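Enquirer: Have a look at this fold, sequence not included:
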């Protein structure tokens, strides 16, 4: 009997030990499986993260004319800023539409009239000014050459935009050359540049203020046209400066500046290079403009590029000229820059 009991106890111990060993092995196997599963899940998560890197879309817009021409290489060739960055370019036909796009923040980067940039900033639209690129496109043309500005006294000058920047710049230049714009000349205001151009070409005006690219249209259709006053040159003389007034500038949405600084640096470099490219590639620029249907024909680009005064100047290079320009606009009509001079936060410090 004792032997039977002892045998039962031994069997029980063996079974218990075996069962314990089996349990430990099973637990190890389970833990191993869990570890493999965990690692697999982590790996999948990593893959998912890599696959789900967000592609950002940047919308760039410029009004037709010199602003679009300043970016025409980028518009046509669409330079690569990285596989996760998509840039969409758009020419906006109407200045009013351009302003509404910026106000609604539909665009991230835009070339706009500098006074509009200041006005939007003063309305707390979240953009900064990053560079100036169009340095005046206003000219006075006539049928006869003009030896000196005083020769304009007593003449009727057809012009546009009463109280707006072309009017202010014309008045500023006349006043600083001893001509009272309210008494010494007759300023006859018309609607748009195209109307001024057609009136002059038809012979219904003798002296008119005209911007590029409408001026190119006049020069192509009326070859004996004389440029009697270059307002850019006169501005530089008055202000004793080697630059004219920064009529159009590049603005960038604040969150793009803050979130993608490397992209902004690359974009500004590309924009600068694109403008430098224009000088030696006028015909190609004209072909690009015509192909993209920006409103400027190839002939108009070739004819008018040199008078469009397109030059990239960083914020550091253009800030003094910007402040001079905005101060003069403010003195004449505070409303055109939003009622006050913008503070330092207006300027993008690269």
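Expert: Nice, I can see it. Note that the structure is a prediction, hence the values are computed from the model and not measured.
Enquirer: Residue 278: what's its closest spatial neighbour, skipping adjacent residues?
Expert: residue 285 (5.6 Å; CB to CB, 6 or more residues apart in numbering). Placement of C-beta: from N, CA and C, glycine included.
Enquirer: now the helix or strand where residue 91 lies: mean pLDDT?
Expert: If you go by DSSP states H and E, residue 91 is part of strand 85-92. Average pLDDT, strand 85-92: 95.
Enquirer: Stretch 327-336 now?
Expert: The average pLDDT within stretch 327-336 is 97.
Enquirer: Now do the buried residues in the helix or strand where residue 59 lies.
Expert: Assigned by DSSP H and E, residue 59 belongs to strand 56-63. Neighbour counts over strand 56-63 (16 or more other CB atoms under 10 Å) mark 56, 58-63 as buried.
Enquirer: got it, and stretch 108-127?
Expert: Residues 108-122, 125, 127 are the ones in stretch 108-127 that count as buried (16+ other CB under 10 Å).
Enquirer: And that stretch, end to end?
Expert: Using CA to CA, to the nearest Å, the end-to-end distance of stretch 108-127 comes out at 9 Å.
Enquirer: tell me the secondary structure for the spatially most central residue of the chain?
Expert: Centroid-nearest residue in the chain, with CA atoms, centre = their mean: residue 110, separated by 2.7 Å. The three-state assignment at residue 110 reads strand, by DSSP: H, G, I helix; E, B strand; the rest coil.
Enquirer: mind listing what it touches?
Expert: Neighbouring residues of residue 110 by CB atoms under 8 Å, 6 or more residues apart in numbering: 60-62, 98, 101-102, 127, 250-251.
Enquirer: Can you name the residues bridging to it?
Expert: Beta-bridge pairing of residue 110 under DSSP bridges involves residue 61, residue 251.
Enquirer: Now do it against residue 97, distance only.
Expert: 11 Å (CB to CB, to the nearest Å).
Enquirer: and if you look at residue 337?
Expert: From residue 337 to residue 97 the distance is 20 Å (CB to CB).
Enquirer: Compare these two (neighbour count), which wins?
Expert: Per other CB atoms under 10 Å, whichever of residue 337 and residue 97 has more neighbours is residue 337, with 24 against 12.
Enquirer: Please, which helix or strand holds the residue lying closest to that one once chain neighbours are set aside?
Expert: Excluding the flanking residues, the one nearest residue 337 by CB to CB, 6+ apart is residue 118, at 4.1 Å. For residue 118, the element it lies in under DSSP H and E is helix 114-122.
Enquirer: what's that helix packed up against?
Expert: helix 95-103, strand 127-134, strand 248-253, helix 315-332 (3 or more CB pairs under 8 Å, 6 or more residues apart in numbering; DSSP states H and E).
Enquirer: tilt between that helix and strand 248-253?
Expert: Angle of helix 114-122 versus strand 248-253, following axes from the mean of the first three to the mean of the last three CA atoms, to 10 degrees, is 30 degrees.
Enquirer: For helix 114-122, what does the pLDDT average out to?
Expert: Across helix 114-122, pLDDT averages out at 96.
Enquirer: So which residues of the stretch 101-250 of the chain form strands?
Expert: 109-113, 127-134, 138-142, 156-160, 186-190, 207-211, 226-230, 248-253 (DSSP state E, counting those that start in this stretch).
Enquirer: What helices and strands are in contact with the longest one?
Expert: Using 3+ CB pairs under 8 Å, 6+ apart as the contact test, the elements touching strand 127-134 are helix 66-70, strand 109-113, helix 114-122, strand 248-253, helix 254-259, helix 261-280, strand 310-314, helix 315-332.
Enquirer: quick one: whichever helix or strand comes after the first one to chain centroid distance?
Expert: Okay, so that is helix 66-70. Per DSSP H and E, helix 66-70 leads on to helix 72-77 as the next helix or strand towards the C-terminus. Here helix 72-77 is found 13 Å from its chain centre; the criterion is CA atoms, centre = their mean, to the nearest Å.
Enquirer: Look up how far residue 250 lies from the residue nearest to the centre of the chain.
Expert: 7 Å.
Enquirer: again, but for residue 299
Expert: Counting by CB to CB, the gap from residue 299 to residue 250 is 27 Å.
Enquirer: between the two, which one's more packed in?
Expert: More crowded of residue 299 and residue 250, by other CB under 10 Å: residue 250, with 30 against 13.
Enquirer: quick one: contacts for the more buried one?
Expert: 109-111, 129-133, 268, 271.
Enquirer: Alright, that wraps it up for me.
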